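Engineer: Build the 3D model from these lines:
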Amino acid sequence: MKLKEIYAQSKTSSLSSDKVISFEIFPPKYQSEEDKVQKLDTLFNELKILAEFNPAYISVTYGAGGSTRERSFEIVLKIKNELNICPMPHYTCVGSSKTEISQYLNMIQEAGILNILALRGDPPAGEEKFIKAENGFGYANELVDFINNSTDLGIAVAGYPEIHQECESFEKDIENLKRKVDSGADAIITQLFYDNNVFYNFVEKAQNAGINIPIIPGILPITGLVQIEKITAMCSAKVPETLMQKLRENQDNKETVKNIGLTFAKDQCSDLLKNGVPGIHFYTLNKAAAVKEVIEDIGMCNPITVKQ
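Structural biologist: Numbering: from 1, shown residues only. This is a model prediction of the structure:
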């Protein structure tokens, strides 16, 4: 099922149990074929736990500069064929010519993939600035336009409630988002955030700019202090000072830190659902336990059934 159809179903219900659940995972690193088999088995054991919640789709990232793209596609196929869940591969402009992009799009369509997440992408490790590939694209809206005009795929794009860290202003970031939507995007998945008012403001500004496609909040439950400090530093998301203070006061007790983080995530998600979001996209970090606990607590245990 394509993104438009998935989120059209969500609009017909106000129940938390009828909102769309989706997940993001990433390809694990491995050193050998034996290590690969073991780590993929571990990943799919986690995914089988999450599959019990009947997610609408599972998005799969790949490394900067196209690294792990083949590994990512292998996982995409396993999700589709072994779990019978719609996978959604990520694709970035980094290091890809139009010819390479066309080849990839043909490959995923031949495999029966229905949706894709189109991104500009971050510079590869060691590079400070994004560099447009020869005969490629420099902006996500150009990639969206190319996909929209050459395929029948559903297209998701990224949104930034606290603005993209390279953008000069919030207003400019909304303009950039509008370009992606006008180029053919079907849904917006946001970067993680920890202040719902920031998200609501983002949605309001987007709608005032004429953006009327579903905006899906991206949620990462906090399970460790070092983890969240590292991740938020990379993406410029802000953690409320009161929450951060609690985490730091209890940093010597990992279980307490995790409980604080999960309680916050449950409250955050409950508030989002009460305020009518079409669904929630969980950043899982390839682990099921934290996300499972949040979903069960907020009552998203019987979400919309999605057929491939």
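Engineer: okay, CA-based contacts and neighbour counts for the rest of this
Structural biologist: Will do.
Engineer: any idea how far V181 lies from E175?
Structural biologist: Note on V181: its distance to E175, by CA to CA, to the nearest Å, is 10 Å.
Engineer: Counting by contacts, list what the top helix by length along the chain packs against.
Structural biologist: Ranked by number of residues, the top helix in the chain under DSSP state H is helix 254-274. Here helix 254-274 touches helix 196-208, helix 241-249, helix 289-298, going by 3 or more CA pairs under 8 Å, 6 or more residues apart in numbering; DSSP states H and E.
Engineer: Beyond that helix, next helix or strand please.
Structural biologist: Using DSSP states H and E, the helix or strand that follows helix 254-274 in sequence is strand 279-283.
Engineer: before we move on, the earlier item: of V181 and E175, which one has the most company?
Structural biologist: Neighbour tally, V181 and E175, criterion other CA atoms under 10 Å: the higher count belongs to V181, 23 against 15.
Engineer: The protein: strands as residue ranges?
Structural biologist: Taking DSSP state E as the test, the strands found in the chain are 20-25, 57-60, 87-92, 115-119, 154-159, 187-192, 215-219, 279-283.
Engineer: Output the ones you listed in TSV, with mean neighbour count appended to each entry.
Structural biologist: Output for the strands of the chain, formatted as TSV (neighbours: other CA atoms under 10 Å):
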stretch	mean neighbour count
strand 20-25	24
strand 57-60	24
strand 87-92	26
strand 115-119	24
strand 154-159	24
strand 187-192	22
strand 215-219	25
strand 279-283	24
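Engineer: coming back round to it: tell me which residues in the longest helix of the chain are buried?
Structural biologist: For helix 254-274, burial by neighbour count (16 or more other CA atoms under 10 Å) applies to 256-266, 268-270, 272-273.
Engineer: Would you pull up how far that helix lies from the middle of the chain?
Structural biologist: Relative to its chain's centre, helix 254-274 lies at 19 Å (CA atoms, centre = their mean, to the nearest Å).
Engineer: neighbours of N141, just the number please.
Structural biologist: Residues lying near N141 (other CA under 10 Å) number 24.
Engineer: ok, the residue lying closest to it once chain neighbours are set aside to A158 distance?
Structural biologist: Excluding the flanking residues, the one nearest N141 by CA to CA, 6 or more residues apart in numbering is K180, at 4.2 Å. K180 sits 9 Å away from A158, going by CA to CA.
Engineer: Could you do N84 as well?
Structural biologist: Computed as CA to CA, the N84 to A158 distance reads 25 Å.
Engineer: what ranges of the chain fall below the confidence cut-off?
Structural biologist: For the chain, applying pLDDT under 70 flags the ranges 11-17, 63-67, 123-128, 301-308.
Engineer: returning to what we had before: wait, what's in contact with the residue nearest to N141?
Structural biologist: In this structure, K180 makes contact with A140, N141, E142, V144, D145, V157, judged by CA atoms under 8 Å, 6 or more residues apart in numbering.
Engineer: Give me the distance between it and L3.
Structural biologist: Distance of K180 to L3, given as CA to CA: 15 Å.
Engineer: go on, D173?
Structural biologist: Relative to L3, D173 is positioned 23 Å away (CA to CA).
Engineer: now swap in A140 and tell me
Structural biologist: Counting by CA to CA, the gap from A140 to L3 is 18 Å.
Engineer: what about the residue lying closest to K258 once chain neighbours are set aside, neighbour count?
Structural biologist: Using CA to CA, 6+ apart and skipping residues adjacent in sequence, the residue nearest K258 is T223, 4.2 Å away. Burial measure for T223: 20 neighbouring residues, criterion other CA under 10 Å.
Engineer: Can we start the residue count at 214 from this point?
Structural biologist: New numbering, starting at 214: the last item is T436.
Engineer: quick one on the thing from earlier: as JSON lines, the strands of the chain with distance to A503 would be great.
Structural biologist: Conversion of these to JSON lines gives the following (distance: least, CA to CA, whole Å):
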{"stretch": "strand 233-238", "distance to A503": "12"}
{"stretch": "strand 270-273", "distance to A503": "17"}
{"stretch": "strand 300-305", "distance to A503": "21"}
{"stretch": "strand 328-332", "distance to A503": "24"}
{"stretch": "strand 367-372", "distance to A503": "23"}
{"stretch": "strand 400-405", "distance to A503": "15"}
{"stretch": "strand 428-432", "distance to A503": "11"}
{"stretch": "strand 492-496", "distance to A503": "10"}
